[in-house]
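[1] one predicted model, sequence on top.
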Amino acid sequence: MKGKVHSIDTFSTLDGPGIRTVIFMQGCPLRCKYCHNPDTWALNSPNAREYEAEELMELILKNRPYYRASGGGVTFSGGEPLMQHQFIKEIFHRCRQEKVSTAYDSSLYIIPSIVSDLAPLTDLVLADIKHINSPKSHELTGAGNQFNLDNLQLLNDNGVRIWIRYVILPGWTDKYEDLRNMALFIRDLPMVERIDLLPYHSMGSHKWKLLGLNYELQYIKPPSPARMQELARVVFSISQLPVYII
Ligand code: SF4
């Protein structure tokens with residue numbers, strides 16, 4: 001089986017616990033206005049590289065001593081990695097045999113049967129919540145949040161560890177009411193271990209220009225560190241979970 005890969009980071013410390021090999025998969029069904037990687041959107045991009053599962057496993061296993069020493073493993077990201085779930089399932093199955101920890105970073109905008117099919121092979125999900133309000137999610141990403149919230153519940157019910165990721169985009173995702181509602185939703189999911197708040201930045205905007213796309217957020221400034229702290233306190237006060245600004 002082959003997978004279409006956008007790029008690979010063999011030594012990441014930002015995509016789950018420990019040192020990890022991160023495989024950025026090609027293809028995404030969403031169109032987030034702040035996306036850093038619009039070059040991952042097209043599944044059949046000529047710039048993607050096709051990997052056989054065994055070829056990718058060889059690459060993953062090269063760093064096994066680092067995974068063991070640091071509690072790391074492999075993380076699939078994107079794009080939306082679950083668009084190529086059969087390929088990921090094969091790799092995760094091989095990782096189980098080799099005792100390599102498995103994770104994926106996803107918007108969970110995917111039919112729930114795919115998430116439940118992968119759940120027994122998944123150690124951790126870095127789950128992006130785009131917006132807790134479905135119409136606002138639609139405005140921001142092109143899709144409502146029903147799959148996202150249903151799949152979070154499903155992961156929780158299947159006992160899969162979850163880290164939440166949420167981008168603070170001033171004027172779009174930083175309203176107290178929305179953060180409160182998100183924290184209340186998360187509070188009822190005992191498998192959620194932590195919440196990461198990511199300040200919006202526009203570092204991917206040049207890629208939009210290269211692709212001939214209109215970057216609508218060009219006049220939005222990143223939130224200040226003080227504002228991030230303030231919002232982190234709101235989320236912590238309700239969720240009672242560790243909140244990190246990353
Ligand atoms: S889900 Fe990720 S890759 Fe897809 S459009 Fe949104 S930010 Fe970009």
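    Nice, thanks for sending it over. Residues are numbered from 1 along each chain as shown.
[2] make it CA atoms for all contacts and neighbour counts henceforth
    Will do.
[3] mind checking how far the most centrally placed residue in the chain is from residue 199?
    Most central residue of the chain, judged by C-alpha distance to the mean C-alpha position with C-alpha atoms, centre = their mean, is residue 105 at 3.0 Å. Computed as C-alpha to C-alpha, to the nearest Å, the residue 105 to residue 199 distance reads 17 Å.
[4] how close does residue 201 sit to residue 221?
    Residue 201 sits 8 Å away from residue 221, taking C-alpha to C-alpha as the criterion.
[5] if you count what's nearby, which of these two comes out ahead?
    For residue 201 versus residue 221, neighbours defined as other C-alpha atoms under 10 Å are more numerous around residue 201 (19 against 12).
[6] for the spatially closest residue to that one that is not a sequence neighbour, pull up the helix or strand it's in.
    On the basis of C-alpha to C-alpha, 6 or more residues apart in numbering, the spatially nearest residue to residue 201 that is not a chain neighbour turns out to be residue 222, at 5.5 Å. Taking DSSP states H and E as the criterion, no element holds residue 222; it sits outside all helices and strands.
[7] can you pull the pLDDT of residue 222?
    Reported pLDDT at residue 222 in the predicted model: 97.
[8] cool, residue 1 as well?
    89.
[9] contacts only, for it.
    By C-alpha atoms under 8 Å, 6 or more residues apart in numbering, the contact set of residue 1 is 52, 53, 87.
[10] what does residue 66 give?
    Residue 66 sits next to 19, 72 when contact means C-alpha under 8 Å, 6+ apart.
[11] the ligand contacts on the chain?
    Taking C-alpha under 6 Å from any ligand atom, the part of the chain that reaches the ligand is made up of 28, 30, 31, 32, 35, 37, 38, 78, 79, 80, 107.
[12] possible to save the residues you listed as a markdown table with pLDDT and neighbour count?
    Output for those, formatted as a markdown table (pLDDT from 0 to 100; neighbours: other C-alpha atoms under 10 Å):
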| residue | pLDDT | neighbour count |
| --- | --- | --- |
| 28 | 98 | 23 |
| 30 | 98 | 18 |
| 31 | 98 | 15 |
| 32 | 98 | 18 |
| 35 | 97 | 22 |
| 37 | 94 | 18 |
| 38 | 97 | 22 |
| 78 | 95 | 24 |
| 79 | 96 | 28 |
| 80 | 98 | 26 |
| 107 | 98 | 27 |
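[13] and these, which two are the farthest apart?
    Taking C-alpha to C-alpha as the measure, these span a maximum distance of 14.7 Å, between 38 and 107.
[14] parallel or antiparallel, list what pairs with the lengthiest strand in the chain.
    Ordering each strand of the chain by length in residues (DSSP state E) puts strand 2-12 first. Sheet pairing of strand 2-12 (DSSP bridges) gives strand 20-25 (antiparallel), strand 49-52 (antiparallel).
[15] from residue 169, how far off is residue 53?
    Relative to residue 169, and taking C-alpha to C-alpha, residue 53 is found at 37 Å.
[16] for the chain, just list every one of the helices.
    Applying DSSP state H to the chain gives helices spanning 53-62, 64-70, 85-98, 112-118, 134-141, 146-157, 176-187, 205-210, 225-239.
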